[in-house]
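In: Structure of the sequence below:
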Amino acid sequence: MSDFTQKVDKKFGELLIEKYFPAEPFVYSSNLFNTITDTRKLFPDRKNMFDRLFEHNINANSLPQAQKLFPPSNINDLLKLVRLIETDKPTETLQDDLQVECLIYYLLLDANKEAADSYAAVVLIPAGYTHFMNGCHALDRGDMQRAVDEITYPGSVSTFPDAVVQALNAEAVAQKKRREGDELIVRYFDDNTPKCEAPESTNILIASLARLDPMAALTYIRALTSTAHKLAFECLVKACIEERYLGGVWRLGNLPFTKEEGELLHYALDNVSQDQDLNNDILVTRALHLGNVREAKSLINVAMEQRGGEEKWGEYEATLALY
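Out: Below is the predicted model:
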């Protein structure tokens, strides 16, 4: 076969990859290679956003092969990956073509943003899709801020919402940027109103709200079905307890719970926290907030009996004197 014939047989995406990805220095250096590998590990199913796009839009049966090739170790692996994307799915409709083109666009972002945008313009990828692909690309590289900016852009496609929420949450923990992650998760829900199916996504949102503003979390919980309240309260309590040094416990104890919600609070404390002193502090704070001094004293007395001393009383004596 002549060189000319070989070149003609190559598809458009492969030709572009050859043009914009030099073999040396290879863009997927150790840093980028490790970043993509690490973000994949954050997902319980070990599938990052690229994997999900390939699985759902190209060929689920070929996903293991694609995962071995991405991130690529060298230019040959990258070309094999592109050939797999372009040939492993019958492109019988314009939507089939679009799904292939979106993954080529995703890969081009690592070489040259201008080249990726030019490619999108030539093959007519809608702006809503390019913004979503930019967001997926950012998530796979641990850039939470850019990911949310792109995914929440007006008109952006809203796909894999559960994976987006879980990725943001996992990245926030891994990068020790809990507050930034919480703010971005809440923003994603506010701007996109994603239709999440996994209960874990709802739990993540409740926890994010609770750490930022427990009252906002309580308001959200009240809008859920009654059958979901029990687990939702556990998420609320757990998140506030984790923030004890940032006032989370105090704010939890001062929330305007209804009688039924107060019972759910007791239940959640028993299931979430093994720290009986902490649980007692929350219940005493709640009793004082409601003006139930007698109940507060009773709770303190129980704590004194359990600990065999009166040191706990001193912590509340000044407060109780106000009632």
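In: Break down the stretch 201-323 of the chain into its helices, ranges please.
Out: Counting by DSSP state H, counting those that start in this stretch, one finds helices in the stretch 201-323 of the chain at the ranges 214-222, 229-242, 248-253, 259-272, 276-289, 293-307, 311-320.
In: could you give the angle of the longest one to helix 276-289?
Out: Right, helix 293-307. 170 degrees (axes from the mean of the first three to the mean of the last three Cα atoms, to 10 degrees).
In: shaky segments in the stretch 201-323 of the chain?
Out: For the stretch 201-323 of the chain, the stretches with pLDDT under 70 are 244-246, 303, 305-323.
In: quick one, which of the helices of the stretch 201-323 of the chain is nearest to Asp38?
Out: helix 229-242 (24.0 Å; Cβ to Cβ). Bear in mind the C-beta positions are built from the backbone N, C-alpha and C, glycine included.
In: buried set for that closest one?
Out: Buried residues in helix 229-242, defined by neighbour count with 16 or more other Cβ atoms under 10 Å: 229, 231-241.
In: Now tabulate the residues you listed in CSV and tack on distance to Glu180.
Out: Shown next, in CSV, are the buried residues of helix 229-242 (distance: Cβ to Cβ, whole Å):
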residue, distance to Glu180
His229, 29
Leu231, 26
Ala232, 24
Phe233, 26
Glu234, 25
Cys235, 20
Leu236, 21
Val237, 23
Lys238, 20
Ala239, 16
Cys240, 19
Ile241, 21
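In: and the host helix or strand of Ala116, what other elements does it pack with?
Out: Assigned by DSSP states H and E, Ala116 falls within helix 113-123. Judged by 3 or more Cβ pairs under 8 Å, 6 or more residues apart in numbering; DSSP states H and E, the packing partners of helix 113-123 are helix 12-20, helix 94-108.
In: Need the winner for burial among these.
Out: With neighbours taken as mean count of other Cβ atoms under 10 Å, the helices and strands packed on helix 113-123 reach their highest mean count in helix 94-108, at a mean of 19.
In: got the angle for that one vs helix 12-20?
Out: 10 degrees.
In: Quick one: mean pLDDT over helix 94-108.
Out: The pLDDT scores in helix 94-108 average 92.
In: Ok, stretch 131-148 next?
Out: In this model, stretch 131-148 has a mean pLDDT of 97.
In: what comes up buried for that stretch?
Out: For stretch 131-148, by 16+ other Cβ under 10 Å, it's 131-144, 147-148.
In: Name the residues that touch it?
Out: Contact with stretch 131-148 is made by 32, 35-36, 38-40, 48-50, 53, 102, 105-106, 109-110, 149-151, 153, 155-159, 164, 167-168, 171-172, 174-175, 177, 180-181, 184, 187-188, as judged by Cβ atoms under 8 Å, 6 or more residues apart in numbering.
In: Now, of the residues you listed, which are buried?
Out: Buried residues within the contacts of stretch 131-148, counting neighbours by 16+ other Cβ under 10 Å: 35-36, 39-40, 48-50, 53, 102, 105-106, 109-110, 149-151, 153, 156-159, 164, 167-168, 171-172, 181, 184, 187-188.
In: Include distance to Asp117 when you put the helices of the stretch 201-323 of the chain into CSV, please.
Out: Converted to CSV, the helices of the stretch 201-323 of the chain look like this (distance: least, Cβ to Cβ, whole Å):
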stretch, distance to Asp117
helix 214-222, 38
helix 229-242, 40
helix 248-253, 44
helix 259-272, 48
helix 276-289, 53
helix 293-307, 63
helix 311-320, 62
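In: what's the helix or strand hosting Leu63 in contact with?
Out: Using DSSP H and E, the element containing Leu63 is helix 63-69. Helix 63-69 has contacts (Cβ under 8 Å, 6+ apart) with 40, 47, 51, 54-55, 58, 77-78, 80-81, 84-85.
In: In contact with the residue lying closest to Cys235 once chain neighbours are set aside: list those residues for me.
Out: What sits nearest to Cys235 in space, not counting adjacent residues and going by Cβ to Cβ, 6 or more residues apart in numbering, is Ile206, at 4.2 Å. The neighbourhood of Ile206, defined by Cβ under 8 Å, 6+ apart, consists of 217, 220-221, 232, 235-236, 239.
In: Name the nearest of those residues relative to Ala198.
Out: Proximity of the contacts of Ile206 to Ala198 (Cβ to Cβ) peaks at Cys235, which lies at 13.6 Å.
In: how many neighbours does Ile125 have?
Out: 20 (other Cβ atoms under 10 Å).
In: Cheers, nothing more for now.
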